[in-house]
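Student: got a sequence here, can you build the structure:
(one chain, ligands or ions: 1)
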Amino acid sequence: MPGRRLRHPRRPHDREASDPVENYAALRDAGFYGLNVPAELGGAGVGLLGWSLAAEELAQGCASTALSFNMHLSVVGPMMESPLVPRAAKERLAKMVVHEGKLIGGNFSEPTTSGLVGTPVPLTRARRVDGGYRLTGRKAFASMIAVADHVMVLARPDDATSNTAAMFLLVPPDVPGRRVDLVWDTLGMRATRSDFMTLEECFVPDEALLLRTEDVLPFRRDGANWFWGSYTAVYLGIGVAAYRAITEIVKGRTPPGFTQSLAYHPDVRRQVGEMSVDLEAARLLTHYAAWLSDTQGPTPATLSALYRAKYFVGEAVTRVTRTAMTLGGAHALFKTSPLERFFRDGAVAPVQFPPRDFCLSTLGMFELGLDPGDVLPPLKSDRPDTGPVVR
Ligand SMILES: Cc1cc2nc3c(=O)[nH]c(=O)nc-3n(C[C@H](O)[C@H](O)[C@H](O)COP(=O)(O)OP(=O)(O)OC[C@H]3O[C@@H](n4cnc5c(N)ncnc54)[C@H](O)[C@@H]3O)c2cc1C
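Tutor: Reported below is the predicted structural model:
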């Protein structure tokens, strides 16, 4: 974005957990809303590798902006790429984001669902009525919910016969029956404002429907590049920012009575070396996974690479941000120190979907060549559709 800098959110957006609206506007002005829309529909046609490069940079300025904005890309991308989505729906969505500059949130998560047991279908229901649908349910962790122009809601059709049927519908902010519950007061990624949303008999017209499928699992698996793989580079950016900050800090601190900065201390040098290895390995895994995804599509090798990268980035960024804060010492504990925020934001990395243990167990399944359909659900269930989310 030539000439524009993202506002640093340490003060006030991180402090107040407020929406970085000026950053979303800067991204819109720079053409980012149509980033992963195909060129033939007016977008930039950028793949996961291109976004990963951009996300690493953006997250160094404001990780919350990069993460929230990625919700937009992570729902637009699969809609554009999936052959299951009707052409007319793709064109409608492309027009909204490219030509009308609309920002789209993604509301799949619910307060009760858990990746641990792999419930693929939400409790939110879509009931067919004259001219559209009525939605009822509760969504959780809905990033930038109060400022997005629309949110893409995952719901289960009321009339579905299959256990894995699902619908993706666009819900505008001002529709009667939609309420945002301001609950987001968290350790890290505070400016994402990932609040909860309640829908009560909320009406949306027919055009709000982008996709209905009787089995959502292939759609989610084939869209794993954007749905899940696109957050990885955001967290990598937090680690890189912490690394850059601490290297400047140790080079700038010379204790009284000495002629060299702390950077010359052998313990400091060793820890900087360790952080550098972690970050470079994390970056290579991230780029390789994105390149595989862009060139091969959702093959087992691609999915393995995406989960491997997310796992490693989560662990590496947790280590790097902690080391940076420790090396920064008591100075780094202040709210005015960027290291304090990087530590808190970095702590979210292994939790962000796909979380660390999900990555490992799914990666293990692919590496062992197991048929996901044969992998037993981890807990007893009275539903036949439980099991790993990736099948
Ligand atoms: C900053 C932030 C922003 C978010 N924004 C959005 C958003 O805009 N829209 C949206 O829909 N969602 C969003 N989410 C929600 C997110 O994508 C997950 O759906 C949500 O975090 C899942 O809930 P959970 O982490 O509490 O629980 P769980 O899924 O129960 O995970 C808890 C822990 O269980 C373990 N685990 C989970 N699955 C497995 C598995 N299969 N195998 C082994 N172990 C496993 C992991 O250790 C994991 O950390 C956001 C989350 C965060 C942190």
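Student: Phe358: how many residues sit nearby?
Tutor: Per other Cβ atoms under 10 Å, the neighbour tally for Phe358 reads 20. The way it works is simple: take the backbone N, C-alpha and C, and place the C-beta from them, glycine included.
Student: scratch that, Val183
Tutor: Counted with other Cβ under 10 Å, Val183 comes out at 13.
Student: ranges for the helices of the stretch 101-250 of the chain?
Tutor: For the stretch 101-250 of the chain, the helices defined by DSSP state H, counting those that start in this stretch cover 216-222, 224-227, 232-252.
Student: does the longest one reach the ligand?
Tutor: No: figure legend: helix 232-252 not in contact with the ligand (Cβ under 6 Å from any ligand atom); closest approach 9.6 Å.
Student: which of the residues in that helix are buried?
Tutor: 232-243, 245-247, 249-250 (16 or more other Cβ atoms under 10 Å).
Student: likewise for stretch 123-135?
Tutor: Using 16+ other Cβ under 10 Å as the test for burial, stretch 123-135 gives 124-126, 132-135.
Student: ok, now stretch 261-277?
Tutor: Applying 16+ other Cβ under 10 Å to stretch 261-277 flags 262-263, 268, 271-272, 275 as buried.
Student: which positions in the chain make contact with the ligand?
Tutor: Counting by Cβ under 6 Å from any ligand atom, the chain comes close to the ligand at 67, 71, 105-109, 114-116, 118, 141-143, 189, 192, 194, 348, 351-353, 355-358, 361.
Student: narrow the residues you listed to those that are buried.
Tutor: 67, 71, 105-109, 115, 118, 141-143, 189, 192, 194, 348, 352, 355-356, 358, 361.
Student: among the residues you listed, which are in strands?
Tutor: 105-107, 141-142 (DSSP state E).
Student: in terms of mean pLDDT, which of the helices of the stretch 101-250 of the chain ranks lowest?
Tutor: For the helices of the stretch 101-250 of the chain, mean pLDDT drops lowest on helix 216-222, to a mean of 93.
Student: how about the CA coordinates for that one, as CSV?
Tutor: Presented in CSV, the C-alpha positions along helix 216-222 are these (Å, rounded to 0.1, in the frame of the first residue of the first chain):
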residue,chain,number,x,y,z
VAL,A,216,-20.6,-29.8,3.6
LEU,A,217,-17.5,-31.9,4.3
PRO,A,218,-16.0,-31.9,0.8
PHE,A,219,-16.6,-28.2,0.5
ARG,A,220,-14.8,-27.5,3.8
ARG,A,221,-11.9,-29.8,3.0
ASP,A,222,-11.4,-28.4,-0.5
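Student: chain center to it: distance?
Tutor: 17 Å (Cα atoms, centre = their mean, to the nearest Å).
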